[in-house]
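[1] fold the following and give me the result.
(one chain, ligands or ions: 1)
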Amino acid sequence: MTEVTINKQARLSEHLTSSSVATLGNSNKLDCSRLSPHFTLGELCKTSAKTPDGNIPSHVHIENLKRLCGWLEELRERYNLRYVLPLSRGSQRGSDPPHCSPAQTTPNPSYSGGEASGRGSEDPIIINSGYRSEAVNKAVGGVKGSNHLTGCAADIRVAGIEQLIRYATILLDISDESQEDFDELLLERNKSGAIWLHFAVRPKNNRRKTMFLQK
Ligand SMILES: [Zn+2]
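    Purely as a prediction, here's the structure:
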């Protein structure tokens with residue numbers, strides 16, 4: 001058990017401190033610059049808002065996005081280890097309830113962060129909205145002073161309430177185990193019933209705000 005904990009913490013700190021190269025070169029490079037192994041600057045800056053500013057983050061914002069992506073990498077890895085890879089290997093016993101069961105946290109030593117062996121593959125974490133310039137934030141109806149403005153927040157797409165709860169639970173686990181705080185973990189729902197997870201990490205003064213928000 002001790003060994004498992006150590007391994008987990010080692011992986012965690014690797015993700016939370018990982019800094020890959022992302023540079024503000026021309027806009028083509030911007031799209032595919034990696035913030036972390038599975039997340040690009042393009043994914044974290046895309047927007048449907050048509051604003052003239054191009055929604056370009058500063059270097060400080062990019063550092064914030066990288067920090068956030070450390071958490072998203074860990075979320076991705078744990079989600080796949082718990083819920084996706086066991087099913088794709090066909091090793092899940094039918095008696096396991098589909099939800100509310102204690103999460104399986106045993107790391108898989110053969111997992112390398114790449115493609116799963118065999119026929120299964122990993123599920124991505126899909127970002128609906130990450131960095132937003134003032135103009136974009138205004139255009140999409142974001143709140144004043146939003147963590148999106150500094151590259152500290154991401155809205156994560158979910159397939160339903162079950163995935164929303166799973167993501168939120170994993171992020172809380174990561175925070176507890178790493179003793180790193182996040183700023184916001186908001187389960188959000190709009191008037192049309194769409195749901196998503198808003199997750200934010202600041203460089204400091206993280207408030208660990210957790211709530212369900214109806215917009
Ligand atoms: Zn948000």
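[2] let me see the contact set for the residue nearest the centre of the chain.
    Of all residues in the chain, the one closest to the mean position by Cα atoms, centre = their mean is residue 72, 3.0 Å from it. Neighbouring residues of residue 72 by Cβ atoms under 8 Å, 6 or more residues apart in numbering: 36, 38, 39, 125, 127, 154, 156, 199. Any C-beta I mention is one placed from the backbone N, CA and C, and that applies to glycine too.
[3] these two touch, right, the fifth one and residue 155?
    So that's residue 127. Yes. Counting by Cβ atoms under 8 Å, residue 127 touches residue 155, with 6.9 Å between them.
[4] confidence score at residue 92?
    Predicted confidence (pLDDT) for residue 92: 49.
[5] residues near residue 79, how many?
    21 (other Cβ atoms under 10 Å).
[6] separation between it and residue 201?
    The spacing between residue 79 and residue 201, counted by Cβ to Cβ, to the nearest Å, is 17 Å.
[7] hang on, the earlier thing: among the contacts of residue 72, which one has the most neighbours?
    residue 154 leads these on contacts (other Cβ under 10 Å) with 28 neighbours.
[8] what strand or helix carries the closest residue to the ion within the chain?
    Using Cβ to the ion, the single residue of the chain nearest to the ion is residue 198, 3.5 Å away. Under the criterion of DSSP states H and E, residue 198 resides in strand 195-200.
[9] what helices or strands is that strand leaning on?
    Of the remaining helices and strands, those touching strand 195-200 by 3 or more Cβ pairs under 8 Å, 6 or more residues apart in numbering; DSSP states H and E are helix 59-79, strand 153-157, helix 161-178, strand 184-189.
[10] show me what contacts the residue lying closest to residue 167 once chain neighbours are set aside?
    The spatial neighbour of residue 167 that comes closest, neighbours along the chain excluded (Cβ to Cβ, 6 or more residues apart in numbering), is residue 197 at 5.2 Å. Contacts for residue 197 (Cβ under 8 Å, 6+ apart) come out as 155, 156, 158, 164, 167, 168, 185, 186, 187, 188.
[11] so residue 197 bridges to which residues?
    When bridges are called by DSSP bridges, residue 197 pairs up with residue 156, residue 187.
[12] would you check how far apart it and residue 54 are?
    Distance of residue 197 to residue 54, given as Cβ to Cβ: 26 Å.
[13] buried set for stretch 206-215?
    Of the residues in stretch 206-215, residue 206 count as buried by neighbour count, 16 or more other Cβ atoms under 10 Å.
[14] ends of that stretch, how far apart?
    In stretch 206-215, first residue to last residue: 23 Å (Cα to Cα, to the nearest Å).
[15] from the chain's centroid, how far away is that stretch?
    16 Å (Cα atoms, centre = their mean, to the nearest Å).
[16] would you point out the helix or strand in this structure whose mean pLDDT is lowest?
    In the chain, the helix or strand scored least confidently by mean pLDDT, DSSP states H and E is helix 2-17, which has a mean of 58.
[17] isn't residue 133 up against residue 55?
    Yes. Residue 133 is within contact range of residue 55, at 5.0 Å (criterion: Cβ under 8 Å).
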